[in-house]
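S.K.: Okay, sequence plus prediction incoming.
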Number of protein chains: 2
Amino acid sequence: MVKVAVLGHGTVGSGVVELLTKNHKSITDRAGQEIEVKYILDIRDFPDTPYHDKFTKDFQVILEDPEISIVAEVMGGLSPAFEFVRSLLEHGKSVVTSNKELVAAKGAQLLQTAKAHNVNFFFEASVGGGIPIIRPMHQCLAANEISEVAGILNGTTNYILTKMIEEQMPFDEALHQAQELGYAERDPSADVDGHDACRKICILASLAFGHHVYPHTVHTEGISGLDLNDVAYADSWGGVIKLIGRAKKLADGKMVATVFPAILEKHSQLANINDVFNGILIRGDATGDVVFYGRGAGKFPTASAVVADIIDIAKASCTSKSLSWDDSPENHMADYKTAPLRFYIRLSASQAAEARQEIDRLFGEVEYLARSGQPENELALVTGEMTEYQLEEKLSQLKSGTLRSMIRVLDY
Amino acid sequence: MVKVAVLGHGTVGSGVVELLTKNHKSITDRAGQEIEVKYILDIRDFPDTPYHDKFTKDFQVILEDPEISIVAEVMGGLSPAFEFVRSLLEHGKSVVTSNKELVAAKGAQLLQTAKAHNVNFFFEASVGGGIPIIRPMHQCLAANEISEVAGILNGTTNYILTKMIEEQMPFDEALHQAQELGYAERDPSADVDGHDACRKICILASLAFGHHVYPHTVHTEGISGLDLNDVAYADSWGGVIKLIGRAKKLADGKMVATVFPAILEKHSQLANINDVFNGILIRGDATGDVVFYGRGAGKFPTASAVVADIIDIAKASCTSKSLSWDDSPENHMADYKTAPLRFYIRLSASQAAEARQEIDRLFGEVEYLARSGQPENELALVTGEMTEYQLEEKLSQLKSGTLRSMIRVLDY
């Protein structure tokens, strides 16, 4: 018998308790022993739940109960989640969490604390909801050198982009619809500004490359500035716009990590991931591209990842030492503007023919795009490969056109 | 230091040795100790390889060497692979294999032998090549009740179907091209007749549902009978034809397992998996649909899965007791014709109008399809849901049309 505590009784927390109850028999089989929820920590009261007797408001009770060997932290936020988790690990309790903010900000430190106290700190649910990704990636890693990780990591923005692409719905309207459906928060900034995706790519990059990547080192752009005209040009090029979190090892061993809307070719695997679904691509030297797809959020998908971590700890007599990473050394992140990419740009130019001549001279070979209803003074094109500094330099020299939008082109 | 032996030096076997050499440093880090290939068993001579001194033709040398704790079986075929693996497990050596024929035919027995001798029998490479699938599925399983597993499990047939769909290339020509490119064997029957996919769905179904599914209990059809006219009708319906291996739990607890070409809606995740790629879908009660995608075959993808298994054993001090299943009880497989599905059928009928009337009377509501160049005496349609026995009964009553083809419709 393993006794666990669940910190937080929100959407995910209640899902964890329900799942442990509903699939009790098969979970017992898998874990090799019964898993019982002894405490649920929440500052609110839930008198009507069938397990109301398990609630406590006092964290110390959980911390000091020697019967508790595993704790699920599903409160979210940095504080007091961080202090709670650190104390639990120091008290020899394993912790599993769905809290991406916590892992992205404090992962290296908590993994080290776990190691020092010979317990586990697992976080499968922090990325990709119910998609098994942390452990499969760890498995990919075993025999592969991973060169890149990229993904559609936020379901809300992917829902909005799908509406913009498939129904030519403007951003504001698509966001409103996402809010009505409960996919987006009243304050949608964590999603639409890319912060949520940023935390997730931090976690994936840290695991893939072995050093902690902190959110503030990741160049992050959201999707609120996207224009349907750009969606139309991307379509004419055979592409779609997706919000991509991405980490890549450069030739000099440094890494770039970014979150921004990017144009992907339609036939690519990530391009076909629509609605609230997430997809994560891992590029390894031996496996090639491997993609994991599924529901990136939601009560039961996320709870199922939390429970899988609990079972994993319950059944193992040993701790996982390799599912870990170190703190970041100095200068291990490269400036993202030094990594070569292709760029889509849209310009307005009163003299389009003249602007084309100037563009051809500055950029060399480019692909011009066309959309229905294109005004005469509008130009859209995809450049060859160059760094973003080179792009900026060329754009600064361009006299006959004014930049309206720029979207990076990726090859997933 | 862990010393391993590799049985077989074909494509996968040489990939395993090369990968262990090439990524030696990171593999040592991950495994927590060095992994050294001590023996390679092959009846052929390879005097020009840099590790020619490791070759042996004598299996007994490996079996009786107490230094060898892990053996990779990558010979393929049932005999002598089965006898070798059984002896190794009985001698207390863990075995990892890429041999799907072996796992599909003897998995339950070998897993039991491994358990009895407290060693591991791992087979990540037997399904999906470099795609991590066995362990992620095992992880999905932990907290979920899995209701269905389905996949594009054979790259050769998927390549042929992609050519038929995208370029309207006839089957024979697409097969010929696949052979030229090295994707298909000179004798292509294991691929095109569905036997390879059958072995893989047996392994996935056994793991998902806990009892061994033997290949002879799986209704298996290949793709050699497919006609471009059916591809065109499927397209007009908004679908594509894919070879799908599938295992599903029915309401009575029994299971159906099948391999056949099926029509999938184009927007579905499995429908967008093209060329030699594989994709596997797991439908769980908590996670919903989760899909794993990547290269299902090839030297390094497959070798990387074998090496990941080796690392997993090298670093773990404990054996995995839950990655296992039991032998099959009596009658745990249902007759696949009793599971309800929708069906695409193409008929020739000299009096099409009369045939339509008869069809409407026999089948109730159906969707009629049209293709360009459709002859007057040809009818194609998709039925509502019914069992295959019900379909056969209705078809036997149909007087005014002759069945030309039938393809099942699936909802992945």
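M.R.: Structure received. Values in this document were obtained by computation on a predicted structure and should not be read as measured data.
S.K.: What residues sit buried inside stretch A:225-245?
M.R.: Neighbour-count burial for stretch A:225-245, with 16 or more other Cβ atoms under 10 Å in any protein chain shown as criterion, is recorded at A:226, A:229-235, A:237, A:239-245. Placement of C-beta: from N, CA and C, glycine included.
S.K.: To clarify, my last question referred to stretch A:50-64.
M.R.: Buried residues in stretch A:50-64 (16+ other Cβ under 10 Å): A:Lys54, A:Phe55, A:Thr56, A:Phe59, A:Ile62, A:Leu63.
S.K.: closest to B:Ser87 among those?
M.R.: A:Ile62 (50.6 Å; Cβ to Cβ).
S.K.: Do I have it right that the closest one meets A:Ser69?
M.R.: No. At 11.4 Å, A:Ile62 does not count as touching A:Ser69 under the criterion of Cβ atoms under 8 Å.
S.K.: quick revisit: and which of the buried residues of stretch A:225-245 is nearest chain B?
M.R.: Proximity of these to chain B (Cβ to the nearest Cβ) peaks at A:Val240, which lies at 12.6 Å.
S.K.: Now do the same contact list for the closest one.
M.R.: A:Leu161, A:Ile165, A:Ala234, A:Ile263, A:Leu264, A:Lys266, A:Ala271 (Cβ atoms under 8 Å, 6 or more residues apart in numbering or on different chains).
S.K.: Which pair of those spans the longest distance?
M.R.: A:Leu161 and A:Lys266 (13.4 Å).
S.K.: out of the two, which sits in the more crowded spot?
M.R.: The neighbour comparison of A:Leu161 against A:Lys266 (other Cβ atoms under 10 Å in any protein chain shown) goes to A:Leu161, with 24 against 15.
S.K.: Quick check, the more buried one in contact with A:Asp230.
M.R.: No. The pair A:Leu161 / A:Asp230 is not scored as a contact, 11.3 Å apart, by Cβ under 8 Å.
S.K.: Need the residues touching each of these two.
M.R.: A:Ile241.
S.K.: Which of the helices or strands spans A:Ile201?
M.R.: Counting by DSSP states H and E, the element that carries A:Ile201 is helix A:195-209.
S.K.: Now do that helix: which elements does it pack against?
M.R.: Secondary-structure packing of helix A:195-209 (3 or more Cβ pairs under 8 Å, 6 or more residues apart in numbering or on different chains; DSSP states H and E): helix A:100-116, helix A:134-143, strand A:146-152, strand A:219-220, strand A:239-249, strand A:255-265.
S.K.: For these, give me TSV that also has distance to B:Glu330 and mean pLDDT.
M.R.: Listed next are the helices and strands packed on helix A:195-209 as TSV, based on distance: least, Cβ to Cβ, whole Å; pLDDT from 0 to 100:
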stretch	distance to B:Glu330	mean pLDDT
helix A:100-116	47	96
helix A:134-143	35	84
strand A:146-152	45	96
strand A:219-220	59	98
strand A:239-249	50	97
strand A:255-265	51	97
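S.K.: and of these, who's closest to B:Gly13?
M.R.: Going by Cβ to Cβ, the one of those nearest B:Gly13 is helix A:134-143, 14.6 Å.
S.K.: A:Ser189: what's it in contact with?
M.R.: A:Ser189 neighbours (Cβ under 8 Å, 6+ apart): A:His195, A:Gly222.
S.K.: swap in the one 10 residues further on?
M.R.: Taking Cβ under 8 Å, 6+ apart as the definition of contact, the neighbours of A:Arg199 are A:Lys100, A:Glu101, A:Val103, A:Ala104, A:Ser126, A:Pro215.
S.K.: So A:Asn278 sits against A:Gly155, correct?
M.R.: Yes. Using Cβ under 8 Å, A:Asn278 is in contact with A:Gly155, at 5.9 Å.
S.K.: more neighbours, these two?
M.R.: Counted by other Cβ under 10 Å, A:Asn278 and A:Gly155 do not tie: A:Asn278 has more neighbours, with 27 against 24.
S.K.: In which helix or strand does the more buried one reside?
M.R.: Assigned by DSSP H and E, A:Asn278 falls in strand A:277-284.
S.K.: Can you name the residues in contact with that strand?
M.R.: By Cβ under 8 Å, 6+ apart, strand A:277-284 touches A:127-129, A:131, A:133, A:137, A:140-141, A:144-155, A:158, A:204, A:208, A:269-270, A:273, A:289-297, A:412, B:130, B:304.
S.K.: Take the buried residues of stretch A:50-64 and keep only those in helices.
M.R.: A:Phe59, A:Ile62, A:Leu63 (DSSP state H).
S.K.: helix, strand or coil for the residue nearest to A:Arg295 when sequence neighbours are not counted?
M.R.: Counting by Cβ to Cβ, 6 or more residues apart in numbering or on different chains, A:Pro301 is the residue found nearest to A:Arg295 once chain neighbours are left out, at 4.3 Å. Following DSSP: H, G, I helix; E, B strand; the rest coil, we place A:Pro301 in the helix state.
S.K.: Could you tell me which residues make contact with A:Asp360?
M.R.: A:Val366.
S.K.: Show me how far the helix or strand where it lies is from its chain's centre.
M.R.: Under the criterion DSSP H and E, the helix or strand holding A:Asp360 is helix A:352-363. Distance, stretch centre to chain centre, for helix A:352-363: 39 Å (Cα atoms, centre = their mean, to the nearest Å).
S.K.: and if you look at stretch A:305-316?
M.R.: 22 Å.
S.K.: Just the mean pLDDT for that stretch, thanks.
M.R.: In this model, stretch A:305-316 has an average pLDDT of 91.
S.K.: which outside residues touch that stretch?
M.R.: Contacts of stretch A:305-316 (Cβ under 8 Å, 6+ apart): A:2, A:4, A:12, A:15-16, A:19-20, A:27, A:30-33, A:35, A:69-70, A:72, A:74, A:94, A:96-98, A:120, A:122-125, A:128-132, B:139-140, B:142-143, B:286-287, B:318, B:321-322.
S.K.: Buried only: go through these for me.
M.R.: A:2, A:4, A:12, A:15-16, A:19-20, A:27, A:30-31, A:35, A:69-70, A:72, A:74, A:94, A:96-98, A:120, A:122-125, A:128-132, B:139-140, B:142-143, B:286-287.
S.K.: Extract the C-alpha set from stretch A:118-127 and format it as PDB.
M.R.: Extracted in PDB, the C-alpha atoms of stretch A:118-127 (Å, rounded to 0.1, in the frame of the first residue of the first chain):
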ATOM      1  CA  ASN A 118      17.300   9.800  -3.100                       C
ATOM      2  CA  VAL A 119      13.700  10.400  -4.100                       C
ATOM      3  CA  ASN A 120      12.100  11.100  -7.500                       C
ATOM      4  CA  PHE A 121      10.800  14.400  -9.000                       C
ATOM      5  CA  PHE A 122       8.700  13.500 -12.000                       C
ATOM      6  CA  PHE A 123       6.800  16.000 -14.300                       C
ATOM      7  CA  GLU A 124       5.300  14.000 -17.200                       C
ATOM      8  CA  ALA A 125       2.100  16.100 -17.000                       C
ATOM      9  CA  SER A 126       3.900  19.400 -17.200                       C
ATOM     10  CA  VAL A 127       4.200  19.100 -21.000                       C
END
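S.K.: Cheers, nothing more for now.
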